[in-house]
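> Fold the following.
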Amino acid sequence: MKDGFYNIIKGKFLVSDDALKNWRFIIFLSLLALIMIASSHSADKKVHQISKLNAEVKELKSEYVDVRMNLMQTRMESKIIAAMESRGLQPSVTPPTRIKIVKKAQK
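Numbers count the residues shown, from 1 in each chain. Below you'll find the predicted structure:
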C-alpha cells in the first residue's frame with residue numbers, strides 16, 4: 001500500500017509499461033473537464049443575457065405606462081378645448097338638434 005502511494009506521488013504510473021492505458025484515462029478526464037467548463041460558461045452567459053432582457057422588459061413596461069398616461073391626459077376634453085382655443089375654435093354653445101328623415105310610402 002505504501003509503495004503504491006509513493007509510486008503515484010512520484011508519477012511512475014505515467015512511465016510504466018502499461019502507461020498508455022493511464023494516459024488515455026487522463027486525457028479522457030481532461031476532455032470531460034473542458035466540456036464541463038465550457039458548459040458552465042455557456043450557462044453563465046445565458047443567465048446574464050436573461051437578466052439583461054428582464055431589465056429591458058421592465059424599462060419598456062414603465063415607458064408604456066408613461067406613454068399611456070400621457071395619451072389619457074391628452075384625450076381629456078379640457079385639454080382638447082384648450083388646444084383648439086389656440087387655433088380659434090371654441091365648443092358650441094347651442095346643443096345639436098336631431099334631424100328626422102321620414103320616408104314616403106312607395107306607390
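
> Please report the distance of I27 from N54.
Using Cβ to Cβ, to the nearest Å, I27 is found at 41 Å from N54. (Glycine included, C-beta is placed from N, CA and C.)

> so the residue most central in space within the chain, which of the three states?
Taking Cα atoms, centre = their mean as the criterion, L53 is the residue nearest the geometric centre of the chain, at 2.7 Å. Secondary structure assignment for L53 (DSSP: H, G, I helix; E, B strand; the rest coil): helix.

> Could you check how far it is from K46?
From L53 to K46 the distance is 10 Å (Cβ to Cβ).

> What are the boundaries of the helices in this protein?
Counting by DSSP state H, residue ranges of the helices within the chain are 2-10, 19-74, 77-85.

> any chance of those helices in JSON lines, plus distance to I101?
As requested, those are exported to JSON lines (distance: least, Cβ to Cβ, whole Å):
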{"stretch": "helix 2-10", "distance to I101": "107"}
{"stretch": "helix 19-74", "distance to I101": "36"}
{"stretch": "helix 77-85", "distance to I101": "30"}
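
> want to throw those into a markdown table with mean pLDDT and distance to T94?
A markdown table is the format used below for the helices of the chain (pLDDT from 0 to 100; distance: least, Cβ to Cβ, whole Å):
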| stretch | mean pLDDT | distance to T94 |
| --- | --- | --- |
| helix 2-10 | 76 | 106 |
| helix 19-74 | 94 | 27 |
| helix 77-85 | 86 | 16 |
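
> Among those, which comes closest to P91?
helix 77-85 (6.0 Å; Cβ to Cβ).

> which ones are touching A19?
For A19, the contact set (Cβ atoms under 8 Å, 6 or more residues apart in numbering) comprises F13.

> hmm, back to that, out of the helices of the chain, which gets nearest to P95?
Per Cβ to Cβ, nearest to P95 of the helices of the chain: helix 77-85, 15.4 Å.

> angle of the closest one against helix 19-74?
Counting by axes from the mean of the first three to the mean of the last three Cα atoms, to 10 degrees, helix 77-85 lies at 70 degrees to helix 19-74.

> what's helix 77-85 in contact with?
73-74, 90-91.

> Just flag the most distant two among those residues.
Most distant of the contacts of helix 77-85, by Cβ to Cβ, are Q73 and Q90, 21.1 Å apart.
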